[in-house]
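*Asks:* just need the structure, nothing else, for what follows:
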Amino acid sequence: MSTAPKPKRTPREVPTVSAGWHANPRRILWPFLFTLVVVGGTWTPPGELRDAATRDPATGMRLVYGDSYIWGAPWFDLLDVLGVLTWPQHWAVVASAAVAHLAWRAWRVGRQRVRWNPGREALLAAATAAGVALVYATGALVPRPMAKLVVFDADVLVLDVRARSGRSVGARPGFSASWRRRWSARAGFHVAYVDDTAGARDAMAGNPARAGDGLVVLPSQRDVRAGQPVLRLEGAPGEPSVVVQATPADLDAVERDTSSLHALEITDGSARGLEQALASHERLVALAAARDLALVAGSNHLGWGSTTPAWTLVRLPGWRTMTPQALGEALPRALRGGHAASRVVERRTPELTRGPALAFTVPLMLYELNATLSPSQRLSWICWIWGLFHLGPLTAAWFRGRRRLRAT
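*Replies:* The predicted structure is shown next:
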(Lines give C-alpha, C1' and ligand atoms only; values in the text may rest on other atoms or scores of the structure.)
Protein backbone atom coordinates (compact mmCIF):
# COMPACT_ATOMS: atom_id res chain seq x y z
CA MET A 1 0.00 0.00 0.00
CA SER A 2 1.61 3.14 -1.19
CA THR A 3 1.10 6.44 0.42
CA ALA A 4 1.45 9.76 -1.29
CA PRO A 5 4.14 11.97 0.20
CA LYS A 6 2.80 14.61 2.44
CA PRO A 7 3.24 18.13 1.14
CA LYS A 8 5.91 20.06 2.93
CA ARG A 9 4.68 22.76 5.18
CA THR A 10 6.13 26.11 4.52
CA PRO A 11 7.28 27.77 7.69
CA ARG A 12 5.00 30.44 8.97
CA GLU A 13 6.09 33.86 7.85
CA VAL A 14 7.25 36.09 10.67
CA PRO A 15 7.24 39.83 10.78
CA THR A 16 10.46 41.31 9.50
CA VAL A 17 11.91 44.74 9.75
CA SER A 18 13.78 46.76 7.20
CA ALA A 19 17.42 46.15 6.43
CA GLY A 20 20.31 47.82 8.16
CA TRP A 21 21.57 51.36 7.90
CA HIS A 22 23.04 50.82 4.41
CA ALA A 23 19.49 50.30 3.09
CA ASN A 24 18.32 53.55 4.72
CA PRO A 25 21.27 55.90 5.37
CA ARG A 26 18.96 58.48 6.94
CA ARG A 27 18.71 56.27 10.01
CA ILE A 28 22.37 57.13 10.63
CA LEU A 29 22.67 60.55 9.02
CA TRP A 30 19.90 62.39 10.87
CA PRO A 31 20.69 61.20 14.41
CA PHE A 32 24.37 61.86 13.70
CA LEU A 33 23.60 65.46 12.69
CA PHE A 34 21.37 66.02 15.73
CA THR A 35 24.11 64.58 17.95
CA LEU A 36 26.61 67.04 16.49
CA VAL A 37 24.22 69.91 17.31
CA VAL A 38 23.77 68.73 20.91
CA VAL A 39 27.50 68.21 21.43
CA GLY A 40 28.25 71.54 19.73
CA GLY A 41 26.23 73.34 22.40
CA THR A 42 29.11 72.68 24.78
CA TRP A 43 31.10 75.44 23.08
CA THR A 44 28.38 78.09 23.19
CA PRO A 45 28.70 81.00 25.68
CA PRO A 46 28.53 79.52 29.21
CA GLY A 47 25.93 80.05 31.88
CA GLU A 48 22.63 78.30 32.48
CA LEU A 49 21.81 81.20 34.83
CA ARG A 50 22.41 84.92 34.46
CA ASP A 51 22.27 87.99 36.66
CA ALA A 52 18.86 89.58 36.08
CA ALA A 53 20.29 93.12 36.21
CA THR A 54 23.56 92.85 34.28
CA ARG A 55 22.69 89.79 32.15
CA ASP A 56 26.17 88.41 32.92
CA PRO A 57 26.57 84.67 33.65
CA ALA A 58 25.82 83.92 37.31
CA THR A 59 28.62 82.24 39.25
CA GLY A 60 28.76 80.62 42.68
CA MET A 61 25.66 78.50 42.07
CA ARG A 62 24.17 75.91 39.75
CA LEU A 63 20.97 74.11 38.93
CA VAL A 64 20.79 70.54 40.21
CA TYR A 65 18.74 67.89 38.42
CA GLY A 66 17.63 64.63 39.98
CA ASP A 67 17.94 61.23 38.32
CA SER A 68 14.28 61.20 37.29
CA TYR A 69 14.78 64.54 35.53
CA ILE A 70 17.88 63.30 33.67
CA TRP A 71 16.08 60.18 32.41
CA GLY A 72 13.47 62.35 30.69
CA ALA A 73 15.66 65.41 30.12
CA PRO A 74 14.57 66.23 26.52
CA TRP A 75 10.92 66.44 27.51
CA PHE A 76 11.43 68.20 30.84
CA ASP A 77 13.91 70.66 29.32
CA LEU A 78 11.43 71.67 26.62
CA LEU A 79 8.64 72.12 29.16
CA ASP A 80 10.91 74.25 31.35
CA VAL A 81 11.77 76.49 28.39
CA LEU A 82 8.08 76.93 27.55
CA GLY A 83 7.41 77.77 31.20
CA VAL A 84 9.46 80.99 31.10
CA LEU A 85 8.13 82.47 27.84
CA THR A 86 6.06 85.63 27.59
CA TRP A 87 2.57 85.72 26.06
CA PRO A 88 3.82 87.04 22.66
CA GLN A 89 6.46 84.32 22.65
CA HIS A 90 3.85 81.65 23.40
CA TRP A 91 1.79 82.83 20.43
CA ALA A 92 4.95 82.79 18.31
CA VAL A 93 5.51 79.13 19.27
CA VAL A 94 1.93 78.25 18.30
CA ALA A 95 2.28 80.13 14.99
CA SER A 96 5.58 78.35 14.29
CA ALA A 97 3.91 74.98 14.83
CA ALA A 98 1.16 75.96 12.37
CA VAL A 99 3.68 77.11 9.74
CA ALA A 100 5.72 73.92 10.16
CA HIS A 101 2.58 71.82 9.69
CA LEU A 102 1.57 73.70 6.53
CA ALA A 103 5.10 73.42 5.09
CA TRP A 104 5.14 69.69 5.77
CA ARG A 105 1.79 69.09 4.11
CA ALA A 106 2.69 71.27 1.11
CA TRP A 107 5.91 69.29 0.65
CA ARG A 108 4.06 65.98 0.88
CA VAL A 109 1.43 67.00 -1.65
CA GLY A 110 3.74 68.84 -4.05
CA ARG A 111 7.01 66.91 -3.89
CA GLN A 112 5.90 63.40 -3.03
CA ARG A 113 2.74 63.55 -5.15
CA VAL A 114 0.45 62.59 -2.29
CA ARG A 115 -3.17 62.84 -3.34
CA TRP A 116 -5.02 65.80 -1.83
CA ASN A 117 -7.75 64.69 0.55
CA PRO A 118 -9.56 67.50 2.42
CA GLY A 119 -10.83 65.18 5.13
CA ARG A 120 -7.39 63.76 5.81
CA GLU A 121 -5.80 67.23 5.83
CA ALA A 122 -8.38 68.49 8.30
CA LEU A 123 -7.75 65.48 10.52
CA LEU A 124 -3.97 66.02 10.41
CA ALA A 125 -4.40 69.73 11.19
CA ALA A 126 -6.60 68.85 14.16
CA ALA A 127 -3.98 66.33 15.32
CA THR A 128 -1.24 68.99 15.17
CA ALA A 129 -3.38 71.45 17.14
CA ALA A 130 -4.18 68.75 19.69
CA GLY A 131 -0.48 67.92 20.00
CA VAL A 132 0.43 71.55 20.75
CA ALA A 133 -2.42 71.79 23.26
CA LEU A 134 -1.29 68.52 24.89
CA VAL A 135 2.26 69.82 25.33
CA TYR A 136 1.02 72.99 27.04
CA ALA A 137 -1.48 71.07 29.17
CA THR A 138 1.26 68.67 30.26
CA GLY A 139 3.48 71.57 31.28
CA ALA A 140 0.72 73.21 33.29
CA LEU A 141 -1.04 70.22 34.84
CA VAL A 142 1.28 67.22 35.16
CA PRO A 143 3.69 67.21 38.13
CA ARG A 144 7.26 66.55 37.01
CA PRO A 145 10.84 66.72 38.34
CA MET A 146 12.18 70.23 38.88
CA ALA A 147 15.53 71.97 38.63
CA LYS A 148 16.77 73.09 42.05
CA LEU A 149 19.03 76.08 42.64
CA VAL A 150 22.00 75.32 44.88
CA VAL A 151 24.17 78.22 46.09
CA PHE A 152 27.69 77.39 47.23
CA ASP A 153 27.88 80.14 49.90
CA ALA A 154 26.11 78.88 53.04
CA ASP A 155 25.43 82.46 54.20
CA VAL A 156 23.35 83.28 51.11
CA LEU A 157 19.61 82.82 51.47
CA VAL A 158 17.38 82.05 48.47
CA LEU A 159 14.12 84.00 48.63
CA ASP A 160 10.79 83.96 46.81
CA VAL A 161 9.24 87.35 47.53
CA ARG A 162 5.88 86.57 45.93
CA ALA A 163 4.68 83.04 46.53
CA ARG A 164 0.96 82.35 46.31
CA SER A 165 -1.39 79.87 47.96
CA GLY A 166 -4.46 77.84 47.14
CA ARG A 167 -6.58 80.67 48.55
CA SER A 168 -5.27 83.17 45.99
CA VAL A 169 -7.39 84.20 43.00
CA GLY A 170 -6.60 82.00 39.99
CA ALA A 171 -5.01 79.23 42.06
CA ARG A 172 -5.20 75.69 40.82
CA PRO A 173 -7.89 73.59 42.53
CA GLY A 174 -6.32 71.40 45.21
CA PHE A 175 -3.25 73.63 45.57
CA SER A 176 -2.75 72.87 49.26
CA ALA A 177 -0.35 74.30 51.83
CA SER A 178 1.80 71.15 51.69
CA TRP A 179 1.93 71.44 47.90
CA ARG A 180 3.02 75.08 48.31
CA ARG A 181 5.84 74.08 50.62
CA ARG A 182 6.94 71.12 48.50
CA TRP A 183 7.09 73.15 45.26
CA SER A 184 9.14 75.97 46.82
CA ALA A 185 11.59 73.57 48.47
CA ARG A 186 12.09 71.59 45.27
CA ALA A 187 12.86 74.83 43.41
CA GLY A 188 15.65 75.63 45.88
CA PHE A 189 13.99 78.38 47.92
CA HIS A 190 14.83 78.75 51.61
CA VAL A 191 12.18 81.40 52.35
CA ALA A 192 8.86 82.07 50.61
CA TYR A 193 6.62 85.05 51.36
CA VAL A 194 2.96 84.10 50.83
CA ASP A 195 0.86 87.15 50.05
CA ASP A 196 -2.46 86.25 51.68
CA THR A 197 -2.97 85.89 55.41
CA ALA A 198 -4.99 82.66 55.48
CA GLY A 199 -2.76 80.89 52.95
CA ALA A 200 0.37 81.98 54.79
CA ARG A 201 -1.02 80.76 58.11
CA ASP A 202 -1.74 77.32 56.62
CA ALA A 203 1.74 77.00 55.10
CA MET A 204 3.54 78.37 58.18
CA ALA A 205 2.29 75.41 60.20
CA GLY A 206 5.04 73.33 58.59
CA ASN A 207 7.91 75.69 59.39
CA PRO A 208 10.97 73.98 60.97
CA ALA A 209 12.41 74.88 64.34
CA ARG A 210 15.57 76.21 62.66
CA ALA A 211 15.55 78.03 59.32
CA GLY A 212 18.33 75.87 57.91
CA ASP A 213 16.34 72.67 58.40
CA GLY A 214 13.69 73.34 55.75
CA LEU A 215 11.57 75.87 53.93
CA VAL A 216 10.41 78.85 55.99
CA VAL A 217 7.12 80.46 54.94
CA LEU A 218 6.52 84.06 56.02
CA PRO A 219 3.45 86.27 55.57
CA SER A 220 3.23 89.32 53.35
CA GLN A 221 0.36 91.58 52.34
CA ARG A 222 -0.79 92.78 48.95
CA ASP A 223 -1.58 96.46 48.72
CA VAL A 224 -2.18 99.18 46.13
CA ARG A 225 -0.31 102.46 46.15
CA ALA A 226 -0.68 105.20 43.54
CA GLY A 227 -2.83 102.73 41.64
CA GLN A 228 0.01 100.16 41.41
CA PRO A 229 0.44 96.81 43.20
CA VAL A 230 2.89 96.62 46.09
CA LEU A 231 3.84 93.95 48.62
CA ARG A 232 4.43 94.67 52.31
CA LEU A 233 6.85 92.42 54.18
CA GLU A 234 6.33 92.76 57.92
CA GLY A 235 9.41 92.84 60.14
CA ALA A 236 10.02 93.11 63.86
CA PRO A 237 7.32 94.74 66.00
CA GLY A 238 7.66 98.50 65.87
CA GLU A 239 9.72 98.48 62.66
CA PRO A 240 8.23 99.70 59.37
CA SER A 241 7.33 97.09 56.79
CA VAL A 242 9.41 96.65 53.65
CA VAL A 243 7.49 97.99 50.65
CA VAL A 244 8.16 96.08 47.43
CA GLN A 245 6.99 97.46 44.10
CA ALA A 246 5.41 94.48 42.35
CA THR A 247 5.33 93.96 38.59
CA PRO A 248 3.79 94.12 36.06
CA ALA A 249 3.08 97.77 36.82
CA ASP A 250 2.74 101.14 35.12
CA LEU A 251 6.30 102.39 35.41
CA ASP A 252 5.28 105.96 34.61
CA ALA A 253 3.07 105.97 37.71
CA VAL A 254 5.80 104.32 39.78
CA GLU A 255 8.32 106.98 38.75
CA ARG A 256 5.88 109.78 39.61
CA ASP A 257 5.22 108.33 43.06
CA THR A 258 7.86 109.72 45.43
CA SER A 259 6.76 107.86 48.56
CA SER A 260 9.08 105.37 50.21
CA LEU A 261 9.99 102.14 48.43
CA HIS A 262 12.54 99.57 49.57
CA ALA A 263 12.61 96.95 46.80
CA LEU A 264 11.60 96.44 43.17
CA GLU A 265 10.41 93.17 41.67
CA ILE A 266 12.52 92.96 38.53
CA THR A 267 11.23 89.50 37.54
CA ASP A 268 7.72 88.18 38.11
CA GLY A 269 6.92 84.58 37.23
CA SER A 270 3.67 85.31 35.39
CA ALA A 271 3.73 85.55 31.59
CA ARG A 272 2.81 89.26 31.78
CA GLY A 273 5.45 89.87 34.41
CA LEU A 274 8.11 88.14 32.31
CA GLU A 275 7.05 90.25 29.33
CA GLN A 276 7.61 93.49 31.24
CA ALA A 277 10.91 92.18 32.61
CA LEU A 278 12.16 91.80 29.02
CA ALA A 279 10.54 94.83 27.42
CA SER A 280 11.41 97.29 30.22
CA HIS A 281 14.61 95.72 31.52
CA GLU A 282 16.85 98.80 31.24
CA ARG A 283 14.16 101.02 32.73
CA LEU A 284 13.64 98.72 35.71
CA VAL A 285 17.37 98.50 36.40
CA ALA A 286 17.77 102.28 36.12
CA LEU A 287 14.80 102.87 38.46
CA ALA A 288 16.23 100.54 41.10
CA ALA A 289 19.67 102.15 40.88
CA ALA A 290 18.33 105.74 40.96
CA ARG A 291 16.18 105.12 44.04
CA ASP A 292 18.56 102.70 45.76
CA LEU A 293 16.07 99.81 45.73
CA ALA A 294 16.89 96.19 46.39
CA LEU A 295 16.11 93.93 43.42
CA VAL A 296 13.86 90.95 44.11
CA ALA A 297 11.97 88.30 42.15
CA GLY A 298 8.69 86.48 42.73
CA SER A 299 7.57 83.14 41.34
CA ASN A 300 3.88 84.16 41.41
CA HIS A 301 3.20 80.43 41.35
CA LEU A 302 -0.44 79.41 41.66
CA GLY A 303 -0.02 75.66 41.30
CA TRP A 304 0.23 75.64 37.50
CA GLY A 305 3.50 74.32 36.09
CA SER A 306 6.81 73.26 37.59
CA THR A 307 9.25 75.89 36.32
CA THR A 308 10.97 78.59 38.36
CA PRO A 309 12.06 81.61 36.27
CA ALA A 310 14.13 83.50 38.87
CA TRP A 311 15.49 83.48 42.43
CA THR A 312 16.40 86.28 44.88
CA LEU A 313 19.70 85.94 46.74
CA VAL A 314 20.24 87.74 50.05
CA ARG A 315 23.43 87.46 52.06
CA LEU A 316 22.49 87.02 55.72
CA PRO A 317 25.23 85.41 57.86
CA GLY A 318 23.91 82.98 60.46
CA TRP A 319 20.43 82.68 59.00
CA ARG A 320 20.50 78.88 59.10
CA THR A 321 20.58 78.82 62.92
CA MET A 322 17.77 81.36 63.34
CA THR A 323 14.22 80.51 64.26
CA PRO A 324 11.58 81.34 61.64
CA GLN A 325 10.43 84.25 63.79
CA ALA A 326 13.95 85.66 64.10
CA LEU A 327 14.51 85.22 60.38
CA GLY A 328 11.22 87.00 59.68
CA GLU A 329 12.58 89.99 61.59
CA ALA A 330 16.13 89.93 60.20
CA LEU A 331 15.27 89.49 56.51
CA PRO A 332 13.21 92.71 56.09
CA ARG A 333 15.98 94.54 57.91
CA ALA A 334 18.46 93.24 55.35
CA LEU A 335 16.22 94.20 52.40
CA ARG A 336 16.13 97.77 53.66
CA GLY A 337 19.87 97.92 52.92
CA GLY A 338 19.39 99.37 49.45
CA HIS A 339 20.49 98.33 45.98
CA ALA A 340 23.35 96.14 47.22
CA ALA A 341 21.15 94.19 49.64
CA SER A 342 20.13 91.49 47.16
CA ARG A 343 20.76 89.93 43.80
CA VAL A 344 18.41 88.24 41.33
CA VAL A 345 19.44 85.33 39.10
CA GLU A 346 17.23 84.02 36.31
CA ARG A 347 17.08 81.44 33.57
CA ARG A 348 18.29 82.40 30.13
CA THR A 349 15.41 83.10 27.74
CA PRO A 350 15.07 84.60 24.24
CA GLU A 351 15.23 88.39 24.54
CA LEU A 352 12.40 88.99 22.09
CA THR A 353 9.41 91.12 22.97
CA ARG A 354 7.31 92.23 20.00
CA GLY A 355 7.32 92.70 16.25
CA PRO A 356 8.81 90.60 13.44
CA ALA A 357 11.66 89.43 15.67
CA LEU A 358 9.20 87.08 17.39
CA ALA A 359 9.38 84.88 14.29
CA PHE A 360 12.77 83.72 15.63
CA THR A 361 11.38 82.68 19.02
CA VAL A 362 11.62 78.93 18.43
CA PRO A 363 15.18 78.93 16.95
CA LEU A 364 16.47 81.18 19.75
CA MET A 365 14.59 79.17 22.37
CA LEU A 366 16.28 75.96 21.17
CA TYR A 367 19.66 77.71 20.97
CA GLU A 368 19.37 78.93 24.57
CA LEU A 369 18.27 75.48 25.66
CA ASN A 370 21.20 73.76 23.95
CA ALA A 371 23.62 76.29 25.43
CA THR A 372 22.50 75.58 29.01
CA LEU A 373 22.49 71.76 29.04
CA SER A 374 24.66 70.01 31.60
CA PRO A 375 26.82 67.02 30.50
CA SER A 376 24.31 64.54 31.92
CA GLN A 377 21.46 66.28 30.12
CA ARG A 378 23.39 66.16 26.83
CA LEU A 379 23.98 62.44 27.27
CA SER A 380 20.26 61.92 27.89
CA TRP A 381 19.42 63.91 24.74
CA ILE A 382 21.80 61.82 22.64
CA CYS A 383 20.36 58.54 23.95
CA TRP A 384 16.82 59.70 23.19
CA ILE A 385 17.81 60.87 19.70
CA TRP A 386 19.34 57.55 18.69
CA GLY A 387 16.60 55.57 20.39
CA LEU A 388 13.78 57.38 18.62
CA PHE A 389 15.45 57.18 15.21
CA HIS A 390 16.05 53.44 15.51
CA LEU A 391 13.51 51.93 17.87
CA GLY A 392 10.70 53.99 16.32
CA PRO A 393 11.05 52.61 12.76
CA LEU A 394 11.75 49.09 14.04
CA THR A 395 8.61 49.12 16.18
CA ALA A 396 6.51 50.53 13.32
CA ALA A 397 7.83 47.85 10.92
CA TRP A 398 7.08 45.11 13.42
CA PHE A 399 3.46 46.28 13.79
CA ARG A 400 3.09 46.49 9.99
CA GLY A 401 4.30 42.89 9.72
CA ARG A 402 1.81 41.77 12.33
CA ARG A 403 -1.03 43.45 10.43
CA ARG A 404 0.02 41.71 7.20
CA LEU A 405 0.01 38.34 8.96
CA ARG A 406 -3.48 38.90 10.36
CA ALA A 407 -4.67 39.96 6.88
CA THR A 408 -3.45 36.65 5.41
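
*Asks:* can we go C-alpha only for contacts and neighbour counts from here?
*Replies:* OK.

*Asks:* so how far is A129 from A122?
*Replies:* 11 Å (C-alpha to C-alpha, to the nearest Å).

*Asks:* neighbour count winner among the two?
*Replies:* A129 (15 against 11; other C-alpha atoms under 10 Å).

*Asks:* each with direction, which strands does the lengthiest strand in the chain pair with?
*Replies:* Identified as the longest strand of the chain according to DSSP state E is strand 216-225. Here strand 216-225 is paired, per DSSP bridges, with strand 191-194 (parallel), strand 228-233 (antiparallel).

*Asks:* can you give me the helices for the stretch 1-150 of the chain?
*Replies:* 26-40, 67-71, 73-82, 87-110, 118-141 (DSSP state H, counting those that start in this stretch).

*Asks:* to Q276, which of those lies closest?
*Replies:* helix 87-110 (10.6 Å; C-alpha to C-alpha).

*Asks:* please enumerate the strands of the protein.
*Replies:* Going by DSSP E, the chain shows strands at 49-51, 61-64, 148-151, 156-163, 191-194, 216-225, 228-233, 242-245, 263-268, 294-298, 310-315, 342-347.

*Asks:* got a markdown table for these, with mean pLDDT too?
*Replies:* Below are those laid out as a markdown table (pLDDT from 0 to 100):
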| stretch | mean pLDDT |
| --- | --- |
| strand 49-51 | 94 |
| strand 61-64 | 94 |
| strand 148-151 | 96 |
| strand 156-163 | 95 |
| strand 191-194 | 95 |
| strand 216-225 | 92 |
| strand 228-233 | 93 |
| strand 242-245 | 94 |
| strand 263-268 | 95 |
| strand 294-298 | 96 |
| strand 310-315 | 97 |
| strand 342-347 | 96 |
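
*Asks:* next, format these as TSV and append mean neighbour count and distance to W381.
*Replies:* What follows is the strands of the chain, written out as TSV (neighbours: other C-alpha atoms under 10 Å; distance: least, C-alpha to C-alpha, whole Å):
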stretch	mean neighbour count	distance to W381
strand 49-51	21	20
strand 61-64	15	17
strand 148-151	18	20
strand 156-163	25	30
strand 191-194	26	33
strand 216-225	20	36
strand 228-233	21	41
strand 242-245	24	41
strand 263-268	28	30
strand 294-298	28	31
strand 310-315	24	25
strand 342-347	23	20
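
*Asks:* any chance of a markdown table for the ones you listed, columns distance to E282?
*Replies:* Output for the strands of the chain, formatted as a markdown table (distance: least, C-alpha to C-alpha, whole Å):
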| stretch | distance to E282 |
| --- | --- |
| strand 49-51 | 13 |
| strand 61-64 | 25 |
| strand 148-151 | 26 |
| strand 156-163 | 21 |
| strand 191-194 | 26 |
| strand 216-225 | 23 |
| strand 228-233 | 20 |
| strand 242-245 | 16 |
| strand 263-268 | 10 |
| strand 294-298 | 13 |
| strand 310-315 | 17 |
| strand 342-347 | 15 |
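
*Asks:* among those strands, which is nearest L379?
*Replies:* Ranked by C-alpha to C-alpha, the member of the strands of the chain that lies closest to L379 is strand 61-64, at 15.6 Å.

*Asks:* nearest the geometric middle of the protein, what residue?
*Replies:* Nearest to the mean C-alpha position of the chain, counting by C-alpha atoms, centre = their mean, stands D80 at 2.6 Å.

*Asks:* where does that one land on pLDDT?
*Replies:* D80 carries a pLDDT value of 95.

*Asks:* make residue 1 into 890 and carry on from there
*Replies:* All set: I'll call the first residue 890, so the last point we hit is now D969.

*Asks:* separation between it and L1163?
*Replies:* 14 Å.

*Asks:* repeat for W919
*Replies:* Taking C-alpha to C-alpha, one finds W919 at 36 Å from L1163.

*Asks:* who has more neighbours, those two?
*Replies:* Neighbour count, other C-alpha under 10 Å: between W919 and L1163, L1163 has more, with 23 against 14.

*Asks:* shouldn't A947 be in contact with R939?
*Replies:* Yes: with contact defined as C-alpha atoms under 8 Å, A947 counts as touching R939 (4.5 Å).

*Asks:* which neighbours do these two share?
*Replies:* V1234 (C-alpha atoms under 8 Å, 6 or more residues apart in numbering).

*Asks:* need the contact list for L1253.
*Replies:* L1253 touches P1239, counting by C-alpha under 8 Å, 6+ apart.

*Asks:* next, count neighbours for D1102.
*Replies:* Around D1102 there are 12 residues (other C-alpha under 10 Å).

*Asks:* to clarify, my last question referred to N1006.
*Replies:* 10.

*Asks:* how about low-confidence regions in the protein?
*Replies:* Where the chain drops to pLDDT under 70, the residues are 890-915, 935, 1001-1003, 1281-1297.

*Asks:* if we use 80, what do you get?
*Replies:* 890-916, 933-936, 997-1005, 1086, 1147, 1279-1297 (pLDDT under 80).

*Asks:* now the helices for the stretch 1090-1239 of the chain?
*Replies:* 1140-1145, 1160-1168, 1170-1179, 1213-1224.

*Asks:* and of those, who's closest to V953?
*Replies:* Judging the helices of the stretch 1090-1239 of the chain by C-alpha to C-alpha, what sits closest to V953 is helix 1160-1168, at 23.1 Å.

*Asks:* counting by contacts, list what the closest one packs against.
*Replies:* helix 976-999, strand 1152-1157 (3 or more C-alpha pairs under 8 Å, 6 or more residues apart in numbering; DSSP states H and E).

*Asks:* let me have those in TSV, extended by distance to V1203.
*Replies:* TSV is the format used below for these (distance: least, C-alpha to C-alpha, whole Å):
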stretch	distance to V1203
helix 976-999	30
strand 1152-1157	12
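
*Asks:* so which of these is the most packed in?
*Replies:* strand 1152-1157 (a mean of 28; mean count of other C-alpha atoms under 10 Å).

*Asks:* list the helices and strands that one packs on?
*Replies:* Using 3+ C-alpha pairs under 8 Å, 6+ apart: strand 1152-1157 touches strand 1131-1134, helix 1160-1168, helix 1170-1179, strand 1183-1187.
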